[in-house]
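> A structural model of the following input is requested.
(chains A, B, C and D)
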4 protein chains.
Amino acid sequence: MSTKYQHIREAAWEGNMQLPELGLVLFTFGNVSAADHDLGVFAIKPSGVPYKNLSAKDMVVVDFEGNTVDGKLRPSSDTLTHAVLYKHWKKINGIVHTHSTYATAWAQTQLDIPVYGTTHADHTTADIPCAPPMSDDMIKGNYEYETGFQIMNALQERNLSYEDVEMILVGNHAPFTWGATPAKAVYNSAVLESIAQMAYITQQVRPDAPRLKEALIKKHFERKHGPDAYYGQ
Amino acid sequence: MSTKYQHIREAAWEGNMQLPELGLVLFTFGNVSAADHDLGVFAIKPSGVPYKNLSAKDMVVVDFEGNTVDGKLRPSSDTLTHAVLYKHWKKINGIVHTHSTYATAWAQTQLDIPVYGTTHADHTTADIPCAPPMSDDMIKGNYEYETGFQIMNALQERNLSYEDVEMILVGNHAPFTWGATPAKAVYNSAVLESIAQMAYITQQVRPDAPRLKEALIKKHFERKHGPDAYYGQ
Amino acid sequence: MSTKYQHIREAAWEGNMQLPELGLVLFTFGNVSAADHDLGVFAIKPSGVPYKNLSAKDMVVVDFEGNTVDGKLRPSSDTLTHAVLYKHWKKINGIVHTHSTYATAWAQTQLDIPVYGTTHADHTTADIPCAPPMSDDMIKGNYEYETGFQIMNALQERNLSYEDVEMILVGNHAPFTWGATPAKAVYNSAVLESIAQMAYITQQVRPDAPRLKEALIKKHFERKHGPDAYYGQ
Amino acid sequence: MSTKYQHIREAAWEGNMQLPELGLVLFTFGNVSAADHDLGVFAIKPSGVPYKNLSAKDMVVVDFEGNTVDGKLRPSSDTLTHAVLYKHWKKINGIVHTHSTYATAWAQTQLDIPVYGTTHADHTTADIPCAPPMSDDMIKGNYEYETGFQIMNALQERNLSYEDVEMILVGNHAPFTWGATPAKAVYNSAVLESIAQMAYITQQVRPDAPRLKEALIKKHFERKHGPDAYYGQ
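Residues are numbered from 1 along each chain as shown, chains lettered A, B, ... in the order given. Alright, predicted model coming up:
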């Protein structure tokens, strides 16, 4: 096993181990990958191996076409989705897929999550997009590969870039999140689950709850992300 | 106590101990059994003994007619249901019964759980059946024995085999799951609870949420279970 | 401090310590008492003392009129409710009051919890009664004393004895449970919380969910409690 | 670092560490401050530092105008809201802000939380106010400073003092709570989350659930807080 992939193997492993700690996965229903764009590869969780048996060396190294480059196990069945996104999005180094309860339930509704409050606006000014289910032809074709394009198309249709919103629901399936680092992508998965749960409760208490007003969406996002951001150290 | 049942006693005990860890039982509201079809018997949790006091030797060994073969304690009050299913279903070696919150609440609605997403389709292409409550005559007769037939009938009416779907709701009662091993049956109980919770939230957010399209149901099930499955190692 | 109350002090303390473990209380929002009918007294949690600081010796011993007999601290503010129930119900030796989430939310609806399934019928054949809020005169009078009568009246109006149903909701307030032992009363509080949560989910999924049929109510209760009970050892 | 602020640094740190223990925060989405009115300053959590890395010495000391007086890190982005409230409310020494799930979801509805039961009335006789979203001008101005006035105005409009009700929802944002000590303010945050969850469930089960009757509101509040209070030691 090559040592030159050690850094992404460890980052992917650490990310994967956080998922059960954050309550985002049941059994093996999730995967985290860590990319190195200079090497043109990413490390990802092997398919169907219980978290408690995982170690960093089990992470499978794959190129951006989805070919295994290093590692003995079969990579996650969602590997091609990760590959497509890394190939097209140069600035992300981490992707996370989970079946977390509230985000997955929203994905099953095929509806975007409206921005109802500042918890949401702290992270993105957009509603969380829900990509529609694929056409039957795409499903019968290269399914996981097409899922990547389904995600990119959903952003494009809303005039959003992957830097504007780092989380998405894949209709009838479940959430994907990403970020500059695997740790940021994991953070985004936990944030999305919390946003999804709060939006659900908000709608139950008040079905016609108004979206957050534009001035507040802008204000909260810029507190954390604008050129004059004043959140964090 | 005969040593020839040690393997099923240990498998049943391990399965039972997983139920509280997975958050599937309150107190003793559940039971796991482990069968050996060659010996024609299964080991099952004794009735009403707290999980913390259980050890493998307490598991009661029963034949497929429900007669105790080995063990000092009274077997679970649901023993006859397990016996009927093992007698008719040759390929299963584990059965689990719980009163897990969301699956039990669904059973109380007497409705099947629609397949809303891939978390569900990864495990079965069918809606999760809810067997109707028994006739009064059956209830007054051999209740737990008839519960086994109620389960088999519900599958038959939907043209499903016990290999197509390894989980069911018994109307107004609670879920039963099964599998090739006791561990698989326990896994199925946790999966069912998660599917039931997600379906509940999905319906609350969007009462007319569409069922998963056929092509996706097929695709996801075959990723994990078809002849060309590519999930797992 | 008299040693003759040691047994009820320890039973009350053990019961109180179980409440946070079972997730039934936030801070000090609950109390367990343990009675000795021969001595004509019960031990109860002192008012407003955090669980982590409690020890058995802090339990206050009170007679069935509510007079402190032994102990340095002020007893729970709900003490008179316990006293009234012990005075009138000779066969119970434990009472529990909590503000557990789902049972308390149901109490706030002023509705009985319908018997929707066997989890409920395993414990009582009746809907869980919700006692109506008191008249203003009773509230301004001896409030906690009247709460005891409010509970007894609610049972009487439904032709139920305290042995038929060991749990009740006090409208707009919260649940009370009881039993032959303090441990059984604590068990009943956890069961009630689970029944309340399941009934809530059942109603959300299917607002017109049918009550459990009479034959099943009877069957499940008799499995555990009738003269031919076959649950437990 | 000056030692004269050690007591408020420790109180603020202890309060902050309780938030994750009580399940009130995800990551760093909350802050606790501790004031000393004689010194005219308060200690508050630094912005965006994970809880596990915090120690008392990291707390930033700020005056009631929001100027940093002692400490190396940047204070919480919500610091000016705390400053305004301490400046105007002489009797409080602790303020807590969280994004706890149910309270935040209610804030997103822009609705007050009705007093449905005694759990609520034990703490305040008023509905929990929800301050409306600010005007666009206020948002573009000194946002966190204005949030403090938004909170004070919402109380004033309801003829409530900060001693009548120690908790509020800021519309589309999240809850703030306060108290005579930082520990009391943290306690109030946990109580508010519980009240919000119960009110949500109550409304789901019975959309026209009646408010608690006046006599009971008064009785329960006075049990704990009136001149003849008999709760606690």
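> quick one, longest helix in chain A?
Taking DSSP state H as the criterion, chain A has its longest helix at helix A:182-205.
> close to chain C, is it?
No: interface with chain C: helix A:182-205 contributes nothing (CB under 8 Å from any CB of the partner chain), its closest point being 8.8 Å away. C-betas here are computed from N, CA, C, even on glycine.
> go on, stretch A:23-36?
No: Stretch A:23-36 is not in contact with chain C by CB under 8 Å from any CB; minimum separation 15.6 Å.
> touching chain B at all, that stretch?
Yes: Stretch A:23-36 lies within reach of chain B by CB under 8 Å from any CB, at A:26-27, A:29.
> Distance of the closest residue to A:Gly48 other than its chain neighbours relative to A:His97?
Nearest residue to A:Gly48, sequence neighbours excluded (CB to CB, 6 or more residues apart in numbering or on different chains): B:Gly232, at 3.3 Å. As judged by CB to CB, to the nearest Å, B:Gly232 and A:His97 stand 16 Å apart.
> And the two? Which one has more around it.
More crowded of B:Gly232 and A:His97, by other CB atoms under 10 Å in any protein chain shown: A:His97, with 28 against 14.
> mind checking how far the helix or strand containing the more buried one is from the chain centre?
Taking DSSP states H and E as the criterion, the element that holds A:His97 is strand A:94-98. Averaging C-alpha positions (CA atoms, centre = their mean, to the nearest Å) puts strand A:94-98 4 Å from its chain's average.
> Stretch A:25-35 too?
10 Å.
> Start and end of that stretch, how far apart?
22 Å (CA to CA, to the nearest Å).
> Reduced to three states, what does A:Met134 come out as?
The three-state label given to A:Met134 by DSSP: H, G, I helix; E, B strand; the rest coil is coil.
> Ok, A:Phe176 next?
Classification of A:Phe176 using three-state DSSP returns strand.
> Next, find the distance separating it from chain C.
Distance of A:Phe176 to chain C, given as CB to the nearest CB, to the nearest Å: 28 Å.
> What is the burial count for that residue?
28.
> The strand holding A:His97 packs against which elements?
Applying 3 or more CB pairs under 8 Å, 6 or more residues apart in numbering or on different chains; DSSP states H and E, one finds that strand A:94-98 contacts helix A:6-21, strand A:30-36, helix A:79-88, strand A:175-179, helix A:182-205.
> Describe which strands that strand pairs with in its sheet and in which direction.
Sheet pairing for strand A:94-98, assigned by DSSP bridges, gives strand A:30-36 (antiparallel), strand A:175-179 (antiparallel).
> Could you tell me the angle between it and helix A:6-21?
30 degrees (axes from the mean of the first three to the mean of the last three CA atoms, to 10 degrees).
> Quick one: mean pLDDT for strand A:94-98?
The average pLDDT within strand A:94-98 is 98.
> Over to stretch A:54-72?
97.
> quick one: contacts of it?
Stretch A:54-72 has contacts (CB atoms under 8 Å, 6 or more residues apart in numbering or on different chains) with A:1-2, A:5-6, A:8-10, A:12-14, A:16-17, A:40-46, A:49, A:73-76, A:79-80, A:82-83, A:86-87, A:145.
> switch to 6 Å and redo it
A:2, A:5, A:9-10, A:12-13, A:40-41, A:43-44, A:46, A:73, A:75, A:79-80, A:83, A:86-87 (CB atoms under 6 Å, 6 or more residues apart in numbering or on different chains).
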